[in-house]
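Q: Requesting a structural model of the entry that follows:
(4 chains)
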Protein chains: 2
Amino acid sequence: MTSLDPPNLSLRERKKREARRALAQAALRLALDRGLENVRVEDIATEVGVSPRTFNNYFSSKEQAVCSMVVDRHEGMREALLARPEGEPLWESVKQAVVEQYSREGEPDRAYVTRLRELMGQLMLRGEFLNAHAAVERVLAETIAKRAGGADHLLCRLMASSVESAVRVAFVNWFMSEGEPFLPTLERLLDELATGMPTLTGGTTPKTEPDTTTLGEPLC
Amino acid sequence: MTSLDPPNLSLRERKKREARRALAQAALRLALDRGLENVRVEDIATEVGVSPRTFNNYFSSKEQAVCSMVVDRHEGMREALLARPEGEPLWESVKQAVVEQYSREGEPDRAYVTRLRELMGQLMLRGEFLNAHAAVERVLAETIAKRAGGADHLLCRLMASSVESAVRVAFVNWFMSEGEPFLPTLERLLDELATGMPTLTGGTTPKTEPDTTTLGEPLC
DNA sequence: TCCCAATCTTGCGTGGCCCGCACTTTTTTG
DNA sequence: CAAAAAAGTGCGGGCCACGCAAGATTGGGA
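A: Predicted coordinates for the structure are as follows:
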């Protein structure tokens, strides 16, 4: 659907991918419809026409299935990054690759936003969403390292991690706010990262209010 | 244990905190001893001398219990940040607060490193560790916003997120490598963030090897 | 001092999830 | 086309999260 499903794969492999994709899609659809808590593994399996046991051969939890969409969508990023022109500065390459990736998908459907909010709440709760992002981050770090040609591995990880930070922050902002577009925010944040932290000047410690936020429940 | 347990709390409240702490501690200890998968909720509860049902009144999973240590240890960071001197540039304040926080704890015990590695693997798998970090991140973002006195809220979130990125990367590097100290790495990464991304210069696309990393299982 | 109301703990029962194992069905390969 | 490799499936077990409805504890008046 997103990119080419290379036809040079064995039938076996193709069926596997298709099954996985179907399961993930069903999981996401159902979760958006009824809320994740009202979706049993059995429902997803039935929807796809497969045994519940089989579902667990592909995913070890429904949360993972839902998030797998998030992960898979980023498969193109590696290629996008490696495909950037030769002499381009590393950071520019990274930024462009990320932006490209997210442009390709277009602004997500506004109709779902409310449902998405709820769903994200539940996903954050289970930590799976972050886990998915972490997976993306690892691949990104490796790709960056490759592209940078043996640069400091730690710095590559830091860069990947920061980029994902920007993405996450932009995304949360997008679906928590009304109508603010995603891409411009993302670009702004990436530029901010490039510039470095000192941009935010402060130190004018203001009034000291009671303190509301407690270290407690994960809320999005 | 870390900071003052304010004695101006009702007995009730003190007992609650103590119970929570005891459960978290027991969970961590057992997990380090036997590996998380060999620890049942019942074991933790028994260890503390409490019913399994009660455990679930405090934590909704054993993973959460283990990670709660991670979260609680950061309670001091807010105060540390707000206590920085008046005129100090925002970023410097943040950096110092974070470094202070982690200095206070000293280098973690080398003896546990192996066990820690295993444990982290399992925690990452369940996404709970990341979730804990996310909790810290939210508080940090708020504190930064307060300290910055109404600066752009998005940027505050980005800053908090980036800082946590650095912490995570440094930490993973610490417990995956042999003997590299934690604090210096962390400081270096934070400085890197301050400078901005372009430090990493690259673009010398090297040989194109087969590609080993697949978007698959979370590995640490 | 004592008692009541708020709060915490606990046992029980339910529904669900994850996964190992063994068996059937499908695809691949020689 | 037959044997081998790999997926799908049913079953069963262990564990877990949580609602509910008693008990046990604590705190603050009277």
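Q: Give me the contacts around the least confident helix or strand in chain A by mean pLDDT.
A: Counting by mean pLDDT, DSSP states H and E, chain A has its least confident helix or strand at helix A:113-126, which shows a mean of 79. Outside helix A:113-126, the residues that touch it by Cβ atoms under 8 Å, 6 or more residues apart in numbering or on different chains are A:31-33, A:35-37, A:61, A:63, A:66-67, A:108, A:129-130, A:172, A:175-176, A:218-220, B:127, B:131, B:134. Bear in mind the C-beta positions are built from the backbone N, C-alpha and C, glycine included.
Q: Report the buried members of those.
A: A:31-32, A:36, A:61, A:63, A:66-67, A:129-130, A:172, A:175, A:218, A:220, B:127, B:131, B:134 (16 or more other Cβ atoms under 10 Å in any protein chain shown).
Q: Up against DNA strand C, what does chain A have?
A: A:10-12, A:15, A:39-42, A:53, A:56, A:60-63 (Cβ under 7 Å from any atom of the strand).
Q: For DNA strand D, tell me which of these show up nearby.
A: Answer for the residues of chain A next to DNA strand C near DNA strand D (Cβ under 7 Å from any atom of the strand): A:Arg12, A:Lys15, A:Arg53.
Q: can you tell me which of those residues are in helices?
A: If you go by DSSP state H, those have A:Arg12, A:Lys15, A:Arg53 in helices.
Q: among these, who's most crowded?
A: A:Lys15 (11 neighbours; other Cβ atoms under 10 Å in any protein chain shown).
Q: what's the distance between it and B:Lys95?
A: In this view, A:Lys15 and B:Lys95 are 52 Å apart by Cβ to Cβ, to the nearest Å.
Q: ditto for A:Glu13
A: For A:Glu13, the distance to B:Lys95 - Cβ to Cβ - is 49 Å.
Q: Tell me which of these two has more neighbours.
A: For A:Glu13 versus B:Lys95, neighbours defined as other Cβ under 10 Å are more numerous around B:Lys95 (21 against 12).
Q: Now the more buried one: closest residue in space that isn't a chain neighbour?
A: Once flanking residues are discounted, B:Lys95 sits nearest to B:Leu190: 4.9 Å by Cβ to Cβ, 6 or more residues apart in numbering or on different chains.
Q: what does A:Asp191 give?
A: Per Cβ to Cβ, 6+ apart, closest to A:Asp191 is A:Lys95, 7.9 Å.
Q: Just confirm A:Val66 contacts A:Ala26, I think it does.
A: No. At 9.9 Å, A:Val66 and A:Ala26 do not qualify as touching, with contact defined as Cβ atoms under 8 Å.
Q: tell me which parts of chain A are close to DNA strand D?
A: A:Arg12, A:Lys15, A:Lys16, A:Ala19, A:Val50, A:Ser51, A:Arg53, A:Thr54, A:Asn57, A:Tyr58.
Q: before we move on, what SS does the fourth one have?
A: This points to A:Ala19. helix (DSSP: H, G, I helix; E, B strand; the rest coil).
Q: Next one: A:Lys15 relative to A:Ala22, how far apart?
A: From A:Lys15 to A:Ala22 the distance is 10 Å (Cβ to Cβ).
Q: tell me, what's touching those two both at once?
A: By Cβ under 8 Å, 6+ apart, no residue touches both A:Lys15 and A:Ala22.
Q: follow-up on the earlier one: now flag whichever of the buried ones among the contacts of helix A:113-126 is closest to A:Cys156.
A: Proximity to A:Cys156 was ranked across those by Cβ to Cβ; first place goes to A:Leu130, at 20.2 Å.
Q: pLDDT value on the closest one, please?
A: According to the prediction, A:Leu130 has pLDDT 84.
Q: Within the helices and strands, which one has the residue nearest to it when sequence neighbours are not counted?
A: Spatial nearest neighbour of A:Leu130, excluding adjacent residues (Cβ to Cβ, 6+ apart): B:Leu130 at 3.9 Å. If you go by DSSP states H and E, B:Leu130 is part of helix B:128-148.
Q: Give me the angle between that helix and helix A:113-126.
A: 110 degrees (axes from the mean of the first three to the mean of the last three Cα atoms, to 10 degrees).
Q: Who are the packing partners of helix B:128-148?
A: helix A:113-126, helix A:128-148, helix B:62-72, helix B:75-82, helix B:90-105, helix B:113-126, helix B:153-176 (3 or more Cβ pairs under 8 Å, 6 or more residues apart in numbering or on different chains; DSSP states H and E).
Q: how close does A:Tyr102 get to chain B?
A: Using Cβ to the nearest Cβ, to the nearest Å, one gets 16 Å for the distance from A:Tyr102 to chain B.
Q: For that residue, give me its contacts.
A: So A:Tyr102 contacts A:Val167, A:Phe182, A:Leu183, A:Leu186 (Cβ under 8 Å, 6+ apart).
Q: List the buried residues for the helix or strand harbouring the third one?
A: Spelled out, it's A:Leu183. In this structure, A:Leu183 sits in helix A:182-195 according to DSSP H and E. For helix A:182-195, a neighbour-count test (16+ other Cβ under 10 Å) marks A:Phe182, A:Thr185, A:Leu186, A:Glu187, A:Arg188, A:Leu189, A:Leu190, A:Glu192, A:Leu193, A:Ala194 as buried.
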